[in-house]
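Peer 1: starting from these lines, generate the structure:
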Amino acid sequence: MSGWNVIVIGGGHAGIEAAWAAAKFSQVALLIGNPATVGRMPCNPAVGSPGKSQLVFELHALGGLMGRLADDTAIHTRVLNASKGPAVQSLRVQNERDAYAEHAQDIIFGHPGIDILRGEAADLRGDGRGGWVVTTTDGREFHARSVVVAAGTFMRAQTWYGRQTRPEGRQGEPPARFLSSPLARAGHVLKRYKTGTPPRVRADSVQFGELLQIPADPQPRGFTGAPGPRATESPTWQTYTTLETHRLIQENIHESPMYAGDIEGRGPRYCPSIEDKVVKFAHHDRHLLFVEPDGIQTSEVYLQGFSSSLPPHLQDQLVRTLPGFGRAVIQRYAYAVEYDVVDSTELTLNLESRHMPGVFTAGQINGTSGYEEAAAQGLIAGTAAARRAQELPEQFVTRETGYIGVLLDDLVFKGSDEPYRMMTSRVEHRLLVRQDNADERMTPIGVKLGLVATAQAERVSQKYQQVQAGISALEQQRVQGNTGDGWLRRPEFTLSDVEALGLSLPQLSAEEREAVEIRVKYAGYIERAKTQLKAEARARSLSLSGINFAAISTLSNEAREKLARHQPQTVEQASRISGVRHADISALLVHVKQAGVSRET
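Peer 2: Take a look at the predicted model:
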């Protein structure tokens, strides 16, 4: 078969979502080197955490697949930051590693709208008719109207074990040798990035009694509602580095390819190797590490926070300096991987190449890190590719809609000098775009994009009608001189406490009760955030002409330097400059108002 509307290259988390989304419009081809690697979790077998779980909730609301895969294979589910406000609460789901990939393969390979092609892409060229031809290394040619390149960490990739290197995209998997060439030929600027993974340790060699055990939440929630039946089956644990760990690293830092100058790629600042932690934070005498199972049936545990590119013989020594790991046996050694990425500022908000119209890129090829970031990009790119192929009008997910919008906006307008990680701090109005209201915000967008069926949209609408009915019931009832919502706004009161006073509520699900409680307790803050958002929208057109940025002491040093260099003429332009954060924009607005020089442009 030939002439698909969309061909997706790569079967990682970005490729899965791209194919899944595009198949909602027409027949899709998924080109992969080895079908057994589809859906593989090469790093931590977990989904979520701060900033990332919000992406997955939004992805699910848009009709994506990752939340479903995570819930169905969950073995440990926990809400992080549960004692803090809803803006930063995040879900983290530990998964059965092998089951996650098997489940993804069952869904993708069994999808009647997805054809599986096995091969390595060797070239990508225009067909002269507005479409594209993908050529494989064995000479086959496949035609499509649009192409999504989801190459992960594989483009011209090489792995590092100490000073030793070999061409690999992941441990034991060959790299994508040729894909960089057509992108560079078209004008894309390619950069080298680096990431890494910790060692996997044989579970039967770990003394778990010496570790701090972290149980799963007793009544877990999931991305799609209720997680699978095994969501509380396994605990996780904590350990930490010791002074002996640090001594060994410091004495052998010359064996790190990063510190020896062998690796040219930029590594992730927010997920540093253990070498980086010890060198850059030398004043700390210990670093916390998480010990997480790769599954109930697997024989390995994952040592989160212990990413390394040091040689295997040193890894053996280092791991045995950790409490509980004195007799540890490493089953798979840590390594670093270096690979090509495109400059994401050369893409549109739909992740379409500005140099190659009809070619879209998604995932780590765009300079991001993490499964969740990759999956979100895959859904956006796959949807846009399919819509373009069918000549449907472009639709964009913009920054104010939530975490996916912020991710796209940051990549396209600010770019990155290192692997990009989504964090709650990147989202200016995070109280308005929480994980608990992702369905309310994103499902209508999913309908507009053509990803979400009317029935799902109706269920979401009914849910929030119930939520409003619950809030109205609280507002209309009084007890002991106060309304129900007045009682609930007290910090020490929960919805159950209010009901215990004798107030009645309509029948609500657990999710609906949570929504009622959040909206009532944080009503004042939410309204203030909405007012601020509207004010900022009006302020974006304010002129910055003639402003001496160097003289504004309330700006961060980085913002002061970047603004002075770029000399933006409006607040809108200033907000698009890499290194200029939301707090800096607020400081600019205050300065402009105080100086009395603002004017509409």
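Peer 1: tell me where the stretch 51-200 of the chain has helices.
Peer 2: Across the stretch 51-200 of the chain, reading from the start of the chain, the helices by DSSP state H, counting those that start in this stretch fall at 52-61, 66-72, 97-109, 180-185.
Peer 1: try the stretch 501-601 of the chain
Peer 2: When secondary structure is read from DSSP H, counting those that start in this stretch, the stretch 501-601 of the chain shows helices at 510-521, 523-539, 557-566, 571-575, 582-595.
Peer 1: those helices into a markdown table, with extra columns for distance to residue 363 and mean pLDDT?
Peer 2: The C-beta positions use only the backbone N, C-alpha and C, and glycine is treated the same way. What follows is the helices of the stretch 501-601 of the chain, written out as a markdown table (distance: least, Cβ to Cβ, whole Å; pLDDT from 0 to 100):
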| stretch | distance to residue 363 | mean pLDDT |
| --- | --- | --- |
| helix 510-521 | 30 | 96 |
| helix 523-539 | 30 | 86 |
| helix 557-566 | 28 | 88 |
| helix 571-575 | 26 | 84 |
| helix 582-595 | 26 | 85 |
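Peer 1: to residue 159, which of those lies closest?
Peer 2: Residue 159 sits nearest to helix 557-566 of all the helices of the stretch 501-601 of the chain, at 33.1 Å, using Cβ to Cβ.
Peer 1: ok, residues contacting stretch 387-403?
Peer 2: When contacts are taken as Cβ atoms under 8 Å, 6 or more residues apart in numbering, the neighbours of stretch 387-403 outside the stretch itself are 5-6, 25-26, 51, 54-55, 58, 144-146, 349-350, 352, 358, 376, 380, 384, 404-406, 408-409, 422, 427, 429, 433, 438, 441-442, 445, 448-450, 533.
Peer 1: can you rerun that using 6 Å?
Peer 2: Taking contacts as Cβ atoms under 6 Å, 6 or more residues apart in numbering, the residues outside stretch 387-403 that touch it are 5-6, 25, 54-55, 58, 145-146, 349, 404-406, 409, 433, 441, 449.
Peer 1: same thing with stretch 229-244?
Peer 2: With contact meaning Cβ under 6 Å, 6+ apart, stretch 229-244 is reached by 74-77, 211-216, 220, 286-293, 296, 321-324.
Peer 1: buried subset of those residues as a PyMOL selection?
Peer 2: With 16 or more other Cβ atoms under 10 Å as the burial test, the buried ones among the contacts of stretch 229-244 are selected in PyMOL as follows:
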select buried, resi 74+75+76+77+211+216+220+287+289+290+291+292+293+321+322+323+324
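Peer 1: tell me which residues touch the residue nearest to the spatial centre of the chain, please.
Peer 2: Within the chain, one residue has its C-alpha closest to the average C-alpha position: by Cα atoms, centre = their mean, that is residue 373, at 2.8 Å. If a contact means Cβ under 6 Å, 6+ apart, then residue 373 has residue 422 as its contacts.
Peer 1: and the next helix or strand past the host helix or strand of it?
Peer 2: With elements taken from DSSP states H and E, the one containing residue 373 is helix 371-389. Scanning forward in sequence from helix 371-389 by DSSP H and E, the next helix or strand is helix 403-409.
Peer 1: any idea of the mean pLDDT in stretch 33-46?
Peer 2: Taken as a whole, stretch 33-46 carries a mean pLDDT of 94.
Peer 1: same question for stretch 335-348.
Peer 2: When pLDDT is averaged along stretch 335-348, the result is 95.
Peer 1: now render the helices of the stretch 501-601 of the chain as a markdown table, adding mean neighbour count and distance to residue 467.
Peer 2: Converted to a markdown table, the helices of the stretch 501-601 of the chain look like this (neighbours: other Cβ atoms under 10 Å; distance: least, Cβ to Cβ, whole Å):
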| stretch | mean neighbour count | distance to residue 467 |
| --- | --- | --- |
| helix 510-521 | 20 | 5 |
| helix 523-539 | 13 | 13 |
| helix 557-566 | 16 | 39 |
| helix 571-575 | 19 | 33 |
| helix 582-595 | 17 | 29 |
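Peer 1: would you convert the ones you listed into a markdown table that also reports distance to residue 82?
Peer 2: Supplementary listing: the helices of the stretch 501-601 of the chain in a markdown table, determined by distance: least, Cβ to Cβ, whole Å:
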| stretch | distance to residue 82 |
| --- | --- |
| helix 510-521 | 12 |
| helix 523-539 | 18 |
| helix 557-566 | 33 |
| helix 571-575 | 32 |
| helix 582-595 | 25 |
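Peer 1: nearest to residue 311, out of those?
Peer 2: Checking the helices of the stretch 501-601 of the chain against residue 311 by Cβ to Cβ gives helix 557-566 as the closest, at 36.2 Å.
Peer 1: if anything else comes up later, I'll come back, but that's it for now.
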